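Visitor: Predicted model and sequence below, questions to follow.
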Amino acid sequence: MQKVAVITGAASGIGRGLAERFAAESMKIVLADVEEEALAELETDLKSKGVDVLTVKMDVSNAADVENLAAHTLDAFGAVHILCNNAGVVCSRPIWEHTVADWEWVLGVNLWGVIHGIRAFVPRMLAQGDACHIVNTASILGLIGGGGTGIYKVSKHGVVVLSEALADELAQKGANIQVHVLCPGWVSTGILDSDRNRPDALQNPDMEDPPLQQTLGGSGNARAEMEAGMSPARVAEHVYNAIQNGTFYIHTHPEYKAAIRERMERILE
Ligand SMILES: NC(=O)c1ccc[n+]([C@@H]2O[C@H](COP(=O)([O-])OP(=O)(O)OC[C@H]3O[C@@H](n4cnc5c(N)ncnc54)[C@H](O)[C@@H]3O)[C@@H](O)[C@H]2O)c1
C-alpha cells in the first residue's frame, strides 16, 4: 500500500525537503502551509514528477484548520502514516521586551501547532491501526538553555517534552505509532524571514524587530551561520533514516551534543 505523509510548513525549507524525500519513496504527500504561493509552486513541481499531492492552505495555530487538514487527508487518501508537525517561526528580542503578540505568535505556531496536530491525528492513527510515525520538529534550542531567542527556546523545549510524553503514553498503550523529535542546528531555510507569515492581528505596529541575536557558531551573525547551515535535503535524509531505524531524538548536528551535556551537568550539580 502507498504510504501517506502529511507535512506542515511544507512550502519551504525543512518541510519542503521532507516532502521531496517522502515523494522519492513514492508516498502520497499532503502539503500544508499558510503561504499559498509557495505551496502552489511546490504542488506543481511534485505533480510534474508524477507525485500524488494534496495541498491544504491552513494555519497550524488554528485548531479548526488542523482538524480540517486531518479530515481532508482521510477523505482524499483514506489513511495517514507519517505526520510531520514541522511549521515554525522565530522572533527575537530580550525576553522582557517581547509583546504578548510575540508570545502568542511563536507559541501559537511552534507549540500549539504541534498540540493541534497530535489532537487531530493521533485518534485517527489509533483507529486506523497501521504502523504510523509522528515527527515533531523542535530544534537544538529545545535541548540547550542560555540567553538569546528565549521565546523560541520555550516553544521548542515544549515540543521536546511533549514528544517524550506522547512517545511514552503511546508505548504504554501498545499503540503502533512511533514518535520522533527533530533537533537540528542551523539549516539553510527561510526561517529568519518568518515575519513574512506573521498575521496582521499579531503584528507589533510600532516596533522594529531587531536582528536575531542567537548564534550557535559564535560568529555573531545569525544569518551568515544559517545560510551556511545544513541543506534541508540532508535533514530530510536524517528524518527518513530515523523513521526506518526507530530513532526518537534526531540529531542532525552532533557537534552540539557537548552543549546538551553541559546543560544536563549544570542541572545535576
Ligand atoms: N532553519 C533552521 O536553522 C532550523 C533549526 C532548527 C529547527 N528549525 C525548525 O524547522 C521548522 C521548519 O522551519 P524552516 O527552517 O524550514 O523555515 P522556513 O521558514 O523555510 O519554513 C517554515 C514553513 O512554515 C510555514 N508556516 C509558518 N507559519 C505557519 C502557520 N501558522 N501555519 C502553517 N504554516 C506556517 C511557512 O510558510 C514556511 O513554509 C521550524 O519548526 C523551525 O523552528 C529550523
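Guide: That came through fine.
Visitor: list the buried ones in the helix or strand containing Arg263?
Guide: Applying DSSP states H and E as the criterion places Arg263 in helix 257-268. By neighbour count on 16 or more other Cβ atoms under 10 Å, the buried set for helix 257-268 is 259-260. Heads up, the C-betas are built off the backbone N, CA and C, glycines and all.
Visitor: Could I get the CA-only coordinates of it as PDB?
Guide: Output in PDB follows, covering the C-alpha atoms of helix 257-268 (Å, rounded to 0.1, in the frame of the first residue of the first chain):
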ATOM      1  CA  LYS A 257      25.900  17.300  22.000                       C
ATOM      2  CA  ALA A 258      28.600  18.800  24.200                       C
ATOM      3  CA  ALA A 259      26.300  21.800  24.900                       C
ATOM      4  CA  ILE A 260      23.400  19.400  25.800                       C
ATOM      5  CA  ARG A 261      25.700  17.500  28.200                       C
ATOM      6  CA  GLU A 262      27.000  20.700  29.700                       C
ATOM      7  CA  ARG A 263      23.400  21.900  30.500                       C
ATOM      8  CA  MET A 264      22.500  18.500  32.000                       C
ATOM      9  CA  GLU A 265      25.600  18.500  34.200                       C
ATOM     10  CA  ARG A 266      24.700  22.100  35.400                       C
ATOM     11  CA  ILE A 267      21.200  20.900  36.300                       C
ATOM     12  CA  LEU A 268      22.500  17.900  38.200                       C
END
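Visitor: Would it count as contacting the ligand?
Guide: No: taking Cβ under 6 Å from any ligand atom as the criterion, helix 257-268 and the ligand are apart, separated by no less than 13.9 Å.
Visitor: Residues contacting that helix, please?
Guide: Applying Cβ atoms under 8 Å, 6 or more residues apart in numbering, the external contacts of helix 257-268 come out as 140, 143-146, 251.
Visitor: Repeat the analysis, applying 10 Å as the threshold.
Guide: Helix 257-268 is contacted from outside by 140, 143-146, 183, 185, 216, 249, 251, using Cβ atoms under 10 Å, 6 or more residues apart in numbering.
Visitor: Can you report phi and psi for the residue nearest the centre of the chain?
Guide: Taking Cα atoms, centre = their mean, the centroid of the chain lies closest to Asn86, which sits 1.9 Å from it. Main-chain torsions, Asn86, degrees, to the nearest 10: phi -120, psi -20.
Visitor: Could you verify my assumption that it touches Val239?
Guide: Yes: the pair Asn86 and Val239 passes the contact test of Cβ atoms under 10 Å, sitting 9.4 Å apart.
Visitor: Overlap in contacts, the two.
Guide: For the pair Asn86 and Val239, residues contacting each of them under the criterion Cβ under 10 Å, 6+ apart are 14, 17-18, 135, 137, 182.
Visitor: Averaged pLDDT, the one helix or strand Val235 maps to. What do you get?
Guide: Mapping Val235 onto the secondary structure by DSSP H and E places it in helix 232-245. For helix 232-245, mean pLDDT rounds to 98.
Visitor: Show me what that helix is packed up against.
Guide: Judged by 3 or more Cβ pairs under 10 Å, 6 or more residues apart in numbering; DSSP states H and E, helix 232-245 is in contact with helix 13-24, strand 82-85, strand 132-137, strand 177-182, strand 249-250.
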